[in-house]
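Asker: Quick one: sequence plus predicted model below, questions after.
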Protein chains: 2
Amino acid sequence: MTEITATFEKTFEALIEAKKYTAIREILNTLRPADIAIILQNVDETKLPLLFRLLPKETAAEAFVEMESDEQELLIRSFSDAELKEVVDELYVDDAVDIVEEMPANVVKRILKSADPDMRKMINEILKYPDDSAGSIMTTEYVELRPDLTAEDAIKRIRRTGIDKETIYTCYVTDANRKLIGALTLKDILLAEDDTLIGDIMHEDTVSVTTLDDQEEAAKSLSKYDLNAIPVVDKEGRLVGIITVDDAIDVIEEETTEDIEKMAAITPTDKPYLKLSPFEIWKSRIPWLMLLMVSATFTGMIISGFEDALATTVVLTAFIPMLMDTGGNSGSQASVTVIRSLSIGDIEWSDVGSVLWKELRVASMCAATLGVVVFGKLQLVDRLLLNNPAVTVSVSIVVAITLMITIIAAKLVGCSLPMLAKKLGFDPAVMASPFITTIVDALSLIIYFAIAKAVLHI
Amino acid sequence: MTEITATFEKTFEALIEAKKYTAIREILNTLRPADIAIILQNVDETKLPLLFRLLPKETAAEAFVEMESDEQELLIRSFSDAELKEVVDELYVDDAVDIVEEMPANVVKRILKSADPDMRKMINEILKYPDDSAGSIMTTEYVELRPDLTAEDAIKRIRRTGIDKETIYTCYVTDANRKLIGALTLKDILLAEDDTLIGDIMHEDTVSVTTLDDQEEAAKSLSKYDLNAIPVVDKEGRLVGIITVDDAIDVIEEETTEDIEKMAAITPTDKPYLKLSPFEIWKSRIPWLMLLMVSATFTGMIISGFEDALATTVVLTAFIPMLMDTGGNSGSQASVTVIRSLSIGDIEWSDVGSVLWKELRVASMCAATLGVVVFGKLQLVDRLLLNNPAVTVSVSIVVAITLMITIIAAKLVGCSLPMLAKKLGFDPAVMASPFITTIVDALSLIIYFAIAKAVLHI
């Protein structure tokens, strides 16, 4: 397998420059479609249509599917009607839908015009389903069998019609009303005796999703039950499509990226980073920065309210960053753990009791450890070693106790807010580090000043 | 499909309490193995062996595979030798290896003793590979064909031997020295004429990984090329196993969880949250909290160095949390985006220039927006509305300029550190929010005090 490296890309560019098209064609022939897509995306836009035409027909369509929508649009615009038809004819219907969804109206019209009537009907069918629904990512090209077929006939049927199906390894059994009544794998059929009836060897209790279910739910079911594909039914239980495992992996990856972005206070977009303009990135980041900045000014107001006391005991100010950061880190450790566990299904709302109890014990252990360390460090390093007389035993006690209470509060807030969000139907991922840091900051300062007042009488 | 709900679990517990074993068996028969595993994990430990014996043999083994290692160990200890053999005989070799890896030595001995000699040999073979290597998650049960076989004979061979193979949908072609020379799908074979030679229809340029490759690389290749399985070869190119798509999905999920944990300053563990003891959680969190707490004291030292000036202009203290938080959030937006993009392969080291240039433009736009907002807010809200005379125009300018420089510095640090880590062979995920926050905190305070000194002459 030829690996794409920086050296390889340089060589390739040099060949384009020198117009060595025969050599380029030879190189492209050794590459897999996914790699061709990566290579072609890095070449100069004006050269793209030319290079694309060097590919054999089938490889061309497969590489086309793997490209980003910008390049796809550019290519479609450069295609003649005949060329467009050649590519569209090779596409699976779910890939065609993905492409159509990203194109401007006039390009969509050309694609639909060049698709054959069956394909056009299927594309239009799938386009009706809302974004992120199971219906929107399914394919309508699957193997459908009747229960009264024999294994031998089923194999014949698959051999005759399988070429256009995205997967032939799971076959779905429907009754006369097209209702899904079972499923079986090609392995089941191949390993059965020739005259066995499909209805006798099918699995009746088939996992399925409905067209309007969330695509993430569909992907998770498929992964949970180790399936190669999951059937999609309409409200009446009629089979309308299937979702294959390769698309499910893409959904899981996309949804995870969205979760991670939300956890970092970014509004998710569905384009890869390098394809986003600075303005689009700005739009996805600025609302959260603004919101969190405004919330952080409340923390400032807490400090203002304590200005006079701070003026008399200035040394207290020096510990504010350490208290805030450790609180924030403790909280985000808990919140991120809980958000991820919720997302992969390790915990749910009914576990809230055991999560709180577990975090309380973890927090107490963390608090005890860090409380002792910080007290020792203040007395040994700051007071004795650095000779700072302002760091008295009382001040050290105030800092250590504040730190301990902050850690416990931070972990409890950090684990409970995402669970509460989930229970109330919000996205737990939004309740991650930045949000919790802001709350914990205010909390830690209130605790700090209250304890300082009590212990230091200021 | 029976859904597992809280209500369902309650009913189930009541039935166990009342010893209605016939009803329980009926219910278990309607469930899928993955769901049975979830249910059985929630029942009382002493009841587990009893309930497990209610399951039909094949379902029992499949449910066993889906359980956590604690329950598996408990069950194995309760099994007679005959019962253990029944379960082990039903296992695929890669599942057996997963189980063996988690068990104490005496349990492993019993498992190996009850496995038949072929199985034992395969288990021992796979156990030799290091953790997280492709070899350690592969299965040695795959379909291997010779190039001179006809399609018809290949199908016959698959029908005869396929029952024990984890997948029969991708078949691997080897030469007389067992070297991997090609692969083809069952679809290719089924759709070919009966007398076509396997060697003529196989794909010669097969993607493969070696036994010592990282399991994550194997999973990514499989997902990139939309494969059902990826072959694993030894150093000499001889086929030794395959990794199937369901295991690849699990690897992707595990590795993502690890990345997310590292980003939140947690040392990854491979157990689910609810299975971890508070002590284990403490161990995974405390080193980072400690390290970051100690680093944060340097931030405190910066404040100490500026104590006298702060005492004269106390109002400056109130803006410290806002500056630190906004800097931290700006930095983690950039770092998390870059870490995720690196991990899913959207960017690599060679993109460092365009990433820096993009982040510089985004940062400038964010800085301009927030700088204006904060200046307006200080002058309109703090000074006019809240009537705080200490918030002069000069102070507002100092805060706004510091904020702007901090945001730009934070985004540049945030995007470059993970890329640098990757380049140097470290894990970029460690360079996430908590780490960057600590750096940015110190940076923002140094900038703050430098500008304050210059503008306010303090």
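Answerer: That came in fine, so what should we check first? Residues are numbered from 1 along each chain as shown, chains lettered A, B, ... in the order given.
Asker: wait, does the helix or strand hosting residue A:291 make contact with chain B?
Answerer: Secondary structure assigned from DSSP states H and E places residue A:291 in helix A:278-304. Yes: using Cβ under 8 Å from any Cβ of the partner chain, helix A:278-304 reaches chain B at A:278-279, A:281-282, A:285-286, A:288-290, A:292-294, A:296-297, A:299-301, A:303-304. Yep, even glycine has a C-beta here, placed from its N, CA and C like the rest.
Asker: Now list the buried members of the residues you listed.
Answerer: A:278, A:281-282, A:285-286, A:288-290, A:292-293, A:296-297, A:299-300, A:303-304 (16 or more other Cβ atoms under 10 Å in any protein chain shown).
Asker: State the pLDDT value of residue A:2.
Answerer: pLDDT recorded at residue A:2 is 47.
Asker: Residue A:105 too?
Answerer: pLDDT, read off for residue A:105, is 82.
Asker: Let me know the outermost residue of chain A.
Answerer: No residue in chain A sits farther from the centre than residue A:389, which is 52.6 Å out by Cα atoms, centre = their mean.
Asker: Return the distance of stretch A:413-429 from the chain's centre.
Answerer: Centroid separation between stretch A:413-429 and its chain, computed with Cα atoms, centre = their mean, to the nearest Å, is 18 Å.
Asker: What of stretch A:276-285?
Answerer: With Cα atoms, centre = their mean, you get 18 Å for stretch A:276-285.
Asker: Give me the contact list for it.
Answerer: A:261, A:265-269, A:271, B:330, B:333, B:358, B:361-362, B:365-366, B:369 (Cβ atoms under 8 Å, 6 or more residues apart in numbering or on different chains).
Asker: pLDDT on it, on average?
Answerer: 89.
Asker: would you put the C-alpha positions of that stretch in PDB?
Answerer: Taking Å, rounded to 0.1, in the frame of the first residue of the first chain, the C-alpha atoms of stretch A:276-285 are listed here in PDB:
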ATOM      1  CA  LEU A 276     -13.600  26.500   8.100                       C
ATOM      2  CA  SER A 277     -13.000  30.200   7.400                       C
ATOM      3  CA  PRO A 278     -11.700  32.300  10.300                       C
ATOM      4  CA  PHE A 279     -15.100  34.000  10.400                       C
ATOM      5  CA  GLU A 280     -16.900  30.700  10.800                       C
ATOM      6  CA  ILE A 281     -14.500  29.700  13.600                       C
ATOM      7  CA  TRP A 282     -15.000  33.100  15.200                       C
ATOM      8  CA  LYS A 283     -18.800  32.600  15.000                       C
ATOM      9  CA  SER A 284     -18.600  29.200  16.700                       C
ATOM     10  CA  ARG A 285     -16.400  30.400  19.600                       C
END
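Asker: how about stretch A:193-213, does it reach chain B?
Answerer: Yes: using Cβ under 8 Å from any Cβ, stretch A:193-213 reaches chain B at A:205, A:206, A:207, A:208.
Asker: ends of that stretch, how far apart?
Answerer: 37 Å (Cα to Cα, to the nearest Å).
Asker: Okay, buried residues for that stretch please.
Answerer: Here stretch A:193-213 shows A:196-199, A:201-202, A:206-211, A:213 as buried, counting by 16+ other Cβ under 10 Å.
Asker: Then stretch A:74-82?
Answerer: For stretch A:74-82, by 16+ other Cβ under 10 Å, it's A:74, A:75, A:76, A:79.
Asker: For the stretch 351-458 of chain A, what lies in contact range of chain B?
Answerer: Near chain B, when you scan the stretch 351-458 of chain A using Cβ under 8 Å from any Cβ, you find A:351, A:354-355, A:358, A:361-362, A:365-366, A:369-370, A:373-374, A:377, A:388, A:407, A:433-434, A:437-438, A:441, A:445.
Asker: buried subset of those?
Answerer: For these, a burial check counting by 16+ other Cβ under 10 Å picks out A:351, A:355, A:358, A:361-362, A:365-366, A:369-370, A:373-374, A:377, A:388, A:407, A:433-434, A:437-438, A:441, A:445.
Asker: Give me the distance from the helix holding residue A:291 to the chain's centre.
Answerer: 24 Å.
Asker: cool, stretch A:184-191 as well?
Answerer: 33 Å.
Asker: for the record, mean pLDDT for it?
Answerer: 91.
Asker: Only alpha carbons, please: show that stretch as PDB.
Answerer: Extracted C-alpha coordinates of stretch A:184-191, given in PDB (Å, rounded to 0.1, in the frame of the first residue of the first chain):
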ATOM      1  CA  LEU A 184     -30.700 -13.200   9.100                       C
ATOM      2  CA  THR A 185     -27.100 -13.100   7.900                       C
ATOM      3  CA  LEU A 186     -25.700 -14.500   4.700                       C
ATOM      4  CA  LYS A 187     -23.700 -16.800   6.900                       C
ATOM      5  CA  ASP A 188     -27.000 -18.300   8.400                       C
ATOM      6  CA  ILE A 189     -28.200 -18.900   4.800                       C
ATOM      7  CA  LEU A 190     -25.000 -20.300   3.500                       C
ATOM      8  CA  LEU A 191     -24.600 -22.700   6.400                       C
END
